[in-house]
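Enquirer: coordinates for the following, if possible.
(one chain, ligands or ions: 2)
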Amino acid sequence: MTLIDTDTELAPLEFAVTKNLAAKSPAQREEILADPGFGTSFTDHMVDICWSTRGGWHRPRVSPYGPITLDPAAAVLHYGQEIFEGIKAYRHADGSIHTFRPDQNARRLQRSARRLALPELPVAYFLQSLRELIAVDGDWVPSGADQSLYLRPFMFAKEAFLGVRPAHKVAYYLIASPAGAYFKGGAKPVSIWLSEDYARAGKGGTGAAKTGGNYAASLLPQSEAYENDCDQVVFLDQDRNVEELGGMNVVFVFKDGTLVTPQSESILEGITRDSILQLAEDRGHKVERRAVAFDEWRRGVASGDIVEVFACGTAAVVTPIGALKGRDFFDEQPSGTLALELREELTDIQYGRREDKHGWLVRLDA
Ligand code: PLP
Ligand code: COI
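Expert: Numbering: from 1, shown residues only. Ligands and ions are numbered 1, 2, ... in the order given. Okay, the predicted model is just below:
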C-alpha cells in the first residue's frame, strides 16, 4: 500500500484488523472496570503502524494486545529513542465516547518526534489510530465517576543497529488502559518533595519532549519523594526557577486572582494546563506564563500572596498541592476553592455535562 505522508492530502489508512480470540469476557472486563486503578490493566487490542525511511508509514494494524517482539539490538533498548503521549477517552451519559483536544496531543507527538529525530506521525493518522482502537475496544471505556480509558500512543526506534544515529525503522503503537484516579486520594491535596540534587532537564535538552528518558531521570528523585512521604517531586532549573513535577505541570494562584505557571523551554507544554488556564481566563482571571523563582513560591506562600497551588495533567487532572517539603523545611500550602472549581468545570466538559464552548471534544465512536 502506498501512503501519502503529508497532513494535507492524506488518504485514510486501511488497518488490517485481527480480533483477539482470547479477549476478556464481559464479566472479567466489568470486574476490572469496577476498580481500574491506574495503568495496571489493558484492553484486548492494540494498534501499530510501521515506519521506514524507504516506505514511510505503512502496515497499519489492529491486533490482539500482547508482547512486542524486538531484536535485542533495537536502538530504543540502547539509546532510548522513544516518545509517547497520554490522552483519555470519556464515556458520556448517552453512552457515546469522546476524547479531548487530540489534535494537541498529535501536534505534541510531532514536536517530540522532531526533538528525538523520529518521524512525525500525521495528525490524521494519530486520530485514526484512536478511532480504530475504540472501534474494537469501546466497551473498555468505563462509565463510573472520574473514570476514563487512558490512551497511550508511543513510538520507538526498532532498527537493529548499534551505531548512534536516528533509526531507519520505527514503530508507532497505541495501547489503552482503563483508569480511575492517578493519586489514591483522588482530588485530595498531594505533597510535593523538592529535588535539590537532581534535575529533570536542562537548557537545550529534551525536557519539552515527552520522551521516556525524562521520566527515567525523574525516578530516583521520585523515590526520594516517596521516602520522604511525598506524592510527587518538583524540579527546578539551574537558576532555581520552578519547572514542573515528574508527571504534571504546576500552577500558582495569587490573591488578586492571577494564575501563574512556569514558562520554560525545558518543561512539557501540558494540554490540561492550557485548557485550565483558558477556562480561568474565560472567568475573567489574569493568566501569566513566566519564570517563577523557587523563592517567589516560598515567599508568596509565607506572605499570603499565593493563595493556592495545584498540579495538572491528563493522568492527575487537577490536584491541589497541600504541602511542599525539602531537606530542611516543610511548608504547608494554602488551600482554596479555585483548583477544584476548575477541575469540576474541565471534567464537566470532558464528560459532556457542560457545554463545550471551545470545541475541545472529538467523538471517537461515530
Ligand atoms: N508535565 C509532565 C512531565 C507530564 O508527564 C505531563 C503529563 O502528560 C504533564 C506535564 C501534563 O501534560 P498534559 O496535561 O498534556 O497531560
Ligand atoms: C499523563 O498525564 O498522561 C502522563 O503522561 C503522566 C504520567 C504521570 C502518567
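
Enquirer: which bits of this protein sit near ligand 1?
Expert: 86, 244, 247-249, 268, 270-273, 313-314 (C-beta under 6 Å from any ligand atom). Quick note: C-beta positions are derived from backbone N, CA and C, even for glycine.

Enquirer: ok, what's across the strand from the nearest residue to K88 once chain neighbours are set aside?
Expert: Excluding the flanking residues, the one nearest K88 by C-beta to C-beta, 6 or more residues apart in numbering is S148, at 4.0 Å. Applying DSSP bridges to S148 gives these bridge partners: A179.

Enquirer: S148: what's it in contact with?
Expert: Applying C-beta atoms under 8 Å, 6 or more residues apart in numbering to S148 gives the contacts 88-91, 141-142, 178-179, 350.

Enquirer: of all these, which comes closest to K24?
Expert: P178 (11.0 Å; C-beta to C-beta).

Enquirer: ok now do that closest one, which residues does it touch?
Expert: For P178, the contact set (C-beta under 8 Å, 6+ apart) comprises 32-33, 36, 41, 43, 140-142, 147-150.

Enquirer: using TSV, please lay out those together with secondary structure, pLDDT and distance to P60.
Expert: Output for these, formatted as TSV (DSSP: H, G, I helix; E, B strand; the rest coil; pLDDT from 0 to 100; distance: C-beta to C-beta, whole Å):
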residue	secondary structure	pLDDT	distance to P60
I32	helix	97	27
L33	helix	97	28
P36	coil	95	28
S41	coil	97	25
T43	coil	98	18
W140	helix	98	20
V141	coil	98	22
P142	coil	97	27
Q147	coil	96	29
S148	strand	97	25
L149	strand	98	20
Y150	strand	98	22
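
Enquirer: ok, those residues vs ligand 1, which is closest?
Expert: Y150 (10.4 Å; C-beta to the nearest ligand atom).

Enquirer: any idea how far the closest one lies from ligand 2?
Expert: Using C-beta to the nearest ligand atom, to the nearest Å, Y150 is found at 7 Å from ligand 2.

Enquirer: and the stretch 151-300 of the chain, which of its residues are near ligand 2?
Expert: G247.

Enquirer: residue ranges of the helices in the stretch 151-300 of the chain, please?
Expert: Applying DSSP state H, counting those that start in this stretch to the stretch 151-300 of the chain gives helices spanning 212-227, 271-282, 294-303.

Enquirer: of the ones you listed, which stretch is the most buried?
Expert: Stretch with highest mean neighbour count among the helices of the stretch 151-300 of the chain: helix 271-282 (a mean of 20; mean count of other C-beta atoms under 10 Å).

Enquirer: that one packs against which elements?
Expert: helix 102-115, strand 249-254, strand 259-262, strand 287-290, strand 306-313, strand 317-326, helix 338-350 (3 or more C-beta pairs under 8 Å, 6 or more residues apart in numbering; DSSP states H and E).

Enquirer: does ligand 2 sit close to the fifth one?
Expert: Yes: with C-beta under 6 Å from any ligand atom as the threshold, strand 306-313 lies in contact with ligand 2, specifically through G313.

Enquirer: if we can go back for a sec, how about the helices and strands packed on helix 271-282 in JSON lines, adding distance to S218, mean neighbour count and mean pLDDT?
Expert: Formatted as JSON lines, the helices and strands packed on helix 271-282 follow (distance: least, C-beta to C-beta, whole Å; neighbours: other C-beta atoms under 10 Å; pLDDT from 0 to 100):
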{"stretch": "helix 102-115", "distance to S218": "16", "mean neighbour count": "19", "mean pLDDT": "98"}
{"stretch": "strand 249-254", "distance to S218": "14", "mean neighbour count": "23", "mean pLDDT": "98"}
{"stretch": "strand 259-262", "distance to S218": "16", "mean neighbour count": "23", "mean pLDDT": "98"}
{"stretch": "strand 287-290", "distance to S218": "22", "mean neighbour count": "13", "mean pLDDT": "98"}
{"stretch": "strand 306-313", "distance to S218": "13", "mean neighbour count": "25", "mean pLDDT": "98"}
{"stretch": "strand 317-326", "distance to S218": "17", "mean neighbour count": "21", "mean pLDDT": "96"}
{"stretch": "helix 338-350", "distance to S218": "23", "mean neighbour count": "19", "mean pLDDT": "97"}
